[in-house]
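Enquirer: mind folding the following:
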Amino acid sequence: MDIAFRTAVALVEALRDKEIGSLELLDHFHARMERHNPALDAIVFTDMDAARARAREADSALARGESWGPLHGLPMTVKESYDVVGMPTTWGVPALADNIATTNALSVQRLIDAGAIVFGKTNVPIHLADWQSYNAIYGTTNNPWDLTRTPGGSSGGSAAALATGLTGLEAGSDIGASIRNPAHYCGVYGHKPTYGIVPPRGQALPGVVAPTDISVVGPMARGAEDLAVALDVMAGPDPIEAAGWKLDLRPPRRARLDQYRVALVLEDPCAEVDVEVQERLQAMADFLRGAGATVVEGARPAFSSQEANEVYTMLLRAATSRRLSDEAFAANVELARSVDPNDPSYAARMVRAQVMAHRDWLGYNERRHRMRLQWAAFFEDHDLMLCPAASSTAFPHDHAGERHERTVVVNNKKVLTTDQMFWAGYSGFAYLPSTVAPAGLTPHGLPVGVQIIGPQYGDRECIAFAALLEREYQGFVAPPGYDP
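Expert: Numbering: from 1, shown residues only. So this is what the prediction gives:
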């Protein structure tokens, strides 16, 4: 297999052992990008001159016996929404097409300080607000397993670039499965960290410095160990907070699969799951039992999924209301007056959430924190929860109309695309970490990922379990047609 498909950890080892140079590896990724990216539209901006200059410095430093850190000389890309000096940060918004960053996002700077060479950016949907990755500036990103389908969103370009060996590592963001969903659709690894452990400064629209509720930034990769290394680099307090606290994530409590007690949830009334997805996760669960793990089917925290879905939707749409223009907000105020306050549909909740009073938000936040305590009690009896990342595999491109009006096919029925956001919010609104790892292919040849949910600050446990699955059950598989 082409060296470009190796994990980031393996690539750094190859650089350290002089199997390949940083400049040579960068040029190899660039050559692959020129060959494959036109059909994918995954990488949307590069600065190869600056990257080559830094790669030469990395090679010279290594020749002198110097190490810049755990990512020394590794070429990588980041999601378009991160600020990188000299590169545009648009979030897919045409009015921001000329917005060129003058400073690096904090996570980007930490990756660079660890030795990485950031050579480009990957595609997103407008405002990072879709499970497809397309916009009027950069066009549409395609899924490498089937170009007629979405790679997911909003970190869709990230996942597609990783899956096809165009980059060594990626950094994404997630408020509604924007790391987890593309990892699932494209067959790669992604980690949604515990809320707040990776500072988001510089992964924002121009002028925004306050963190957004629920939203996180985190790594994507071709291997579980890559996630662990990248998380160590990216995580830790913002400098303004470092004066008073430091991050101390606990190590994994288990070392073997037969030591784990995991819950398995395959379906939910809020979000039906396609049988092809369920079958892959059930096969994985059967393997785990055979390996000695305790798998408890259907175990859940002590609150209804309907309540979790309601609270997530209301908090999510309150959080994203900041991007509304004054005119759009005023229109929603009028629309909310005509919406039935008891209408449980996503569209009705979205409108109510975007204009609700702060007192109402406080009520939803109180319910969120009560459920956080119930999650904590659940994890006293279970190490992890395994569940879908989405209701289906990657679906065909569909850019018609409003997102909340579109449908996907689940078990031969059309359902609203927004239904499957339940799987994003079930743990996400409660600040919990989740790792998505490959779980195999459907009979139609599309990837399925398993979502591994852990307790708050149990990030290392989620990633460690993904690493055990990678070693003993299923790892990254490259889509056909991209090697060499």
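Enquirer: right, and the helix or strand after the strand or helix carrying Gly218?
Expert: Applying DSSP states H and E as the criterion places Gly218 in strand 216-221. The helix or strand immediately downstream of strand 216-221 is helix 224-234, counting by DSSP H and E.
Enquirer: list of residues touching that next one?
Expert: 7-9, 69-71, 107, 110-111, 114, 169, 171, 189-191, 193, 198, 217-221, 435, 437, 459-460, 463-464, 466-467, 469-470 (Cβ atoms under 8 Å, 6 or more residues apart in numbering). To be clear about C-beta, it is placed using only N, CA and C from the backbone, and glycine gets the same treatment.
Enquirer: which ones among those map onto helices?
Expert: Counting by DSSP state H, the contacts of helix 224-234 place 8-9, 107, 110-111, 459-460, 463-464, 466-467, 469-470 in helices.
Enquirer: farthest-apart pair in those, please.
Expert: Arg110 and Leu469 (27.4 Å; Cβ to Cβ).
Enquirer: quick one, strands of the stretch 301-450 of the chain?
Expert: Secondary structure of the stretch 301-450 of the chain (DSSP state E, counting those that start in this stretch): strands at 384-388, 407-410, 413-416, 434-441, 447-453.
Enquirer: these two touch, right, Val9 and Gly223?
Expert: Yes. Look at Val9 against Gly223 with Cβ atoms under 8 Å: they come within range, at 6.5 Å.
Enquirer: picking up where we left off before, between the ones in helices among the contacts of helix 224-234, which is closest to Arg368?
Expert: Asp459 (19.8 Å).
Enquirer: how about the nearest residue to the closest one, chain neighbours excluded?
Expert: Pro433 (4.3 Å; Cβ to Cβ, 6 or more residues apart in numbering).
Enquirer: count the residues that sit near the one you found.
Expert: Residues near Pro433, counting by other Cβ atoms under 10 Å, number 28.
Enquirer: and the residue lying farthest from the centre of the chain, how far is that from Ile20?
Expert: What lies farthest from the middle of the chain is Arg64; by Cα atoms, centre = their mean that is 36.8 Å. Distance, Arg64 to Ile20, by Cβ to Cβ, to the nearest Å: 18 Å.
Enquirer: in space, what's closest to Thr122 - neighbours in sequence excluded?
Expert: Residue nearest to Thr122 in three dimensions, not counting chain neighbours: Gly157, with 3.1 Å by Cβ to Cβ, 6+ apart.
Enquirer: thought the one you found was touching Gly120?
Expert: No. Using Cβ under 8 Å as the test, Gly157 is too far from Gly120 to be in contact (9.7 Å).
Enquirer: of these two, which one has the most company?
Expert: The neighbour comparison of Gly157 against Gly120 (other Cβ under 10 Å) goes to Gly157, with 35 against 27.
Enquirer: read off the pLDDT value for that one.
Expert: Gly157 is assigned 99 on the pLDDT scale.
Enquirer: what helix or strand is it located in?
Expert: helix 156-163.
Enquirer: so how far is that helix off the chain centroid?
Expert: Relative to its chain's centre, helix 156-163 lies at 11 Å (Cα atoms, centre = their mean, to the nearest Å).
Enquirer: which secondary structure elements does it sit against?
Expert: Helix 156-163 sits against strand 43-46, strand 75-79, strand 117-122, strand 170-174, helix 180-186, strand 216-221, with contacts defined as 3 or more Cβ pairs under 8 Å, 6 or more residues apart in numbering; DSSP states H and E.
Enquirer: minimum distance to His404: which of the ones you listed has it?
Expert: helix 180-186 (16.0 Å).
Enquirer: which outside residues touch the closest one?
Expert: Contacts to helix 180-186, defined as Cβ under 8 Å, 6+ apart, come from residues 131, 133, 143-145, 149-156, 158-160, 162-163, 172, 174, 188-190, 192, 220, 388-390, 393-394, 424, 434, 436, 446-449, 451, 479.
Enquirer: can you report how many residues lie near Leu362?
Expert: Residues contacting Leu362 under the criterion other Cβ under 10 Å number 10.
Enquirer: show me this structure divided up by domain.
Expert: Following automatic domain parsing, one gets these domains for the chain: 3-256, 305-375.
Enquirer: closest one to Pro269 among those?
Expert: Across the domains of the chain, Pro269 has its closest neighbour in domain 305-375 (6.6 Å, Cβ to Cβ).
Enquirer: OK, contacts around the closest residue to Tyr457 other than its chain neighbours?
Expert: Using Cβ to Cβ, 6+ apart and skipping residues adjacent in sequence, the residue nearest Tyr457 is Thr194, 5.3 Å away. By Cβ under 8 Å, 6+ apart, Thr194 lies in contact with Val216, Tyr431, Leu432, Pro433, Gln456, Tyr457, Gly458, Asp459.
Enquirer: pick out the most distant pair among those residues.
Expert: Val216 and Gly458 (14.4 Å).
Enquirer: residues contacting the most centrally placed residue in the chain?
Expert: Among the residues of the chain, Ile179 comes closest to the average C-alpha position under Cα atoms, centre = their mean, at 1.0 Å. Contacts of Ile179 were listed using Cβ under 8 Å, 6+ apart, and they are Ser155, Gly172, Ser173, Gly190, His191, Lys192, Gly218, Met220, Val436.
Enquirer: surely Tyr195 touches Tyr431?
Expert: Yes. Using Cβ under 8 Å, Tyr195 is in contact with Tyr431, at 3.8 Å.
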